[in-house]
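# give me a model of this one.
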Amino acid sequence: MNKEFTFTIKSIRFDENYNPSESTRITTNFANLARGEKRQENLRNALVMIDNRFNALAHWDNPKGDRYSVELEIISAELNVDADGNGDAFPVIEILKTNIVDKKTNERIDGILGNNFSSYVRDYDFSVLLPEHNNNQSKFSTPKSFGVLHGNIFKRFIGSKAYKDNFNKTPVICLSVSSKNTYHRTGNEHPVLGVEYQQNESSLTDQYFTKMGLQARYFMPPNSVAPLAFYFVDDLLSDYTNLELISTISTMETFQKIYRPEIYNANSAAGKYYQPNLNHQDYSITQIVYDREERSQLAVEQGKFTEKHFIKPYQTILEQWSANSVL
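So this is what the prediction gives:
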């Protein structure tokens with residue numbers, strides 16, 4: 001049996017003309033925007049928000065606030081799961097690549113890879129496996145192997161030849177902070193990332209991402225109203241340039257303002273102690289259409305799809321492959 005499954009990387013431009021492919025998770029931030037009657041208006045408005053936020057943060061040598069624009073690519077990774085190498089592939093990871101256009105120098109600068117993180121296997125873990133495990137239990141718990149396969153898929157991906165042939169740096173994933181935890185402000189402040197926060201305990205997402213080889217730090221960028229969670233491999237502050245970090249902040253803060261306006265478009269900023277609240281009423285909404293309830297329902301459907309087409313058919317092969325992964 002061939003345990004050295006290969007990854008195939010595909011890329012598609014994310015712009016106002018973007019249409020999700022059939023293999024794209026439709027709960028993904030960018031795919032969700034590209035649906036319905038106002039799809040093009042949604043996409044256009046989101047991209048304008050990203051550019052405006054980028055220029056506000058990259059304000060040096062930028063007197064008119066229009067020096068930069070951000071271009072986005074959707075990077076999809078497929079895993080060949082056919083032990084005989086006959087080409088069966090399953091879409092395991094979908095992330096965003098930011099590219100920065102400097103209109104003053106006519107340069108195109110690499111941004112950060114990662115940003116949004118999408119995974120069918122994560123849908124399975126959180127929307128199928130976890131509820132089934134806790135179905136008849138009085139106290140919430142996670143299965144012993146929870147997140148192990150997913151974590152090894154991710155680590156194998158960033159260590160693969162396909163990844164290294166295409167990208168020079170490890171990914172940074174940027175997500176919302178957990179609404180179940182309390183965060184407190186520290187004395188540390190970064191010129192771009194902003195004020196650092198720490199939390200009272202690790203969230204389930206933090207623990208899940210730890211199995212992917214990622215650690216977390218929480219920062220509230222200048223003129224933001226809530227901290228963002230940044231997940232990374234080595235050193236967030238030293239491994240990436242200011243422009244790279246700004247590309248992630250501007251992109252993911254825009255998505256969060258659309259999807260979690262109660263937190264990221266609140267009318268007052270987080271204080272010294274902060275607990276995110278999705279029932280918060282004092283916030284502004286964007287002019288971008290989004291159906292959060294539908295997104296939750298689709299996560300369950302896509303988790304069941306993964307179970308049927310990936311987990312069950314290849315369970316033995318995947319378990320052996322995962323067990324042989326270098327941790």
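
# ranges for the strands of the stretch 201-327 of the chain?
Secondary structure of the stretch 201-327 of the chain (DSSP state E, counting those that start in this stretch): strands at 215-220, 228-232, 273-274.

# need the winner for burial among those strands.
Highest mean neighbour count of these: strand 228-232, a mean of 23 (counted as mean count of other CB atoms under 10 Å). The C-beta positions use only the backbone N, C-alpha and C, and glycine is treated the same way.

# so that strand versus strand 215-220, what angle?
Using axes from the mean of the first three to the mean of the last three CA atoms, to 10 degrees, one finds that strand 228-232 and strand 215-220 are set 150 degrees apart in direction.

# strand 228-232 pairs with which strands?
Its sheet considered, strand 228-232 pairs with strand 172-176 (antiparallel), strand 215-220 (antiparallel) by DSSP bridges.

# I figured residue 148 was touching residue 322, is that so?
Yes. Counting by CB atoms under 8 Å, residue 322 is a contact partner of residue 148 at 6.3 Å.

# just for this structure, where's the confidence low?
Scanning the chain for pLDDT under 70 picks out the ranges 1-4, 20-37, 82-87, 289-296, 325-327.

# ranges for the helices of it?
Using DSSP state H, the helices of the chain run over residues 29-33, 39-57, 120-124, 130-133, 148-158, 161-166, 204-210, 242-259, 261-264, 292-306, 315-323.

# which ones are touching the nearest residue to residue 40 once chain neighbours are set aside?
Nearest residue to residue 40, sequence neighbours excluded (CB to CB, 6 or more residues apart in numbering): residue 16, at 5.3 Å. For residue 16, the contact set (CB atoms under 8 Å, 6 or more residues apart in numbering) comprises 40, 43, 44, 47.

# tell me which two of the residues you listed sit farthest apart.
Spatial extent of the contacts of residue 16 (CB to CB) is set by the pair 40 and 47 at 10.8 Å.

# residues making contact with stretch 244-260?
Contact with stretch 244-260 is made by 29, 33, 46, 49-51, 53-54, 57-58, 70, 72, 96, 98-100, 110-112, 114-116, 172, 174-176, 192-193, 221, 224, 228, 230, 263-265, 278, 286, 288, 290, 292, as judged by CB under 8 Å, 6+ apart.

# what distance do you get for residue 198 to residue 207?
16 Å (CB to CB, to the nearest Å).

# do residue 97 as well
Taken as CB to CB, the span from residue 97 to residue 207 is 27 Å.

# out of the two, which sits in the more crowded spot?
Each of residue 97 and residue 207 has its neighbours counted (other CB atoms under 10 Å); residue 97 has more, 21 against 12.

# beta partners of that one?
residue 73, residue 113.

# thought it was touching residue 72?
Yes. Counting by CB under 8 Å, residue 97 touches residue 72, with 7.1 Å between them.

# looking at the strands paired with strand 228-232, which is closest to residue 63?
strand 215-220 (26.0 Å).

# what sits up against the closest one?
For strand 215-220, the external contacting residues (CB under 8 Å, 6+ apart) are 177, 183, 190, 193-199, 206, 209, 226-233, 236, 269-270.

# mind giving me the ChimeraX select for those, buried ones only?
Buried members of those, defined by 16 or more other CB atoms under 10 Å, are picked up in ChimeraX with:
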select :177,183,190,193,194,195,196,197,199,206,209,226,227,228,229,230,231,232,233,236,270
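
# among the contacts of residue 16, who's most crowded?
Highest neighbour count within the contacts of residue 16: residue 47, with 21 neighbours (other CB under 10 Å).

# isn't that residue up against residue 17?
No. Taking contacts as CB under 8 Å, residue 47 lies outside contact range of residue 17: 11.1 Å.

# can you redo the strands of the stretch 201-327 of the chain as CSV with distance to residue 89?
CSV is the format used below for these (distance: least, CB to CB, whole Å):
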stretch, distance to residue 89
strand 215-220, 30
strand 228-232, 26
strand 273-274, 42
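
# between the ones you listed, which one is nearest to residue 124?
Closest approach to residue 124 among the strands of the stretch 201-327 of the chain (CB to CB): strand 228-232, 19.8 Å.

# just the CA trace of the closest one, in PDB.
This file holds the C-alpha atoms of strand 228-232, laid out as PDB (Å, rounded to 0.1, in the frame of the first residue of the first chain):
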ATOM      1  CA  LEU A 228      -8.700  38.400  16.000                       C
ATOM      2  CA  ALA A 229      -7.200  34.900  16.500                       C
ATOM      3  CA  PHE A 230      -4.100  34.300  14.500                       C
ATOM      4  CA  TYR A 231      -2.900  30.600  14.100                       C
ATOM      5  CA  PHE A 232       0.600  30.100  12.800                       C
END
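
# got the angle for that strand vs helix 242-259?
Between strand 228-232 and helix 242-259, the angle comes out at 130 degrees (the same axes, to 10 degrees).

# centre of the chain to strand 228-232, how far?
The chain centroid and the centroid of strand 228-232 are separated by 9 Å, computed with CA atoms, centre = their mean, to the nearest Å.
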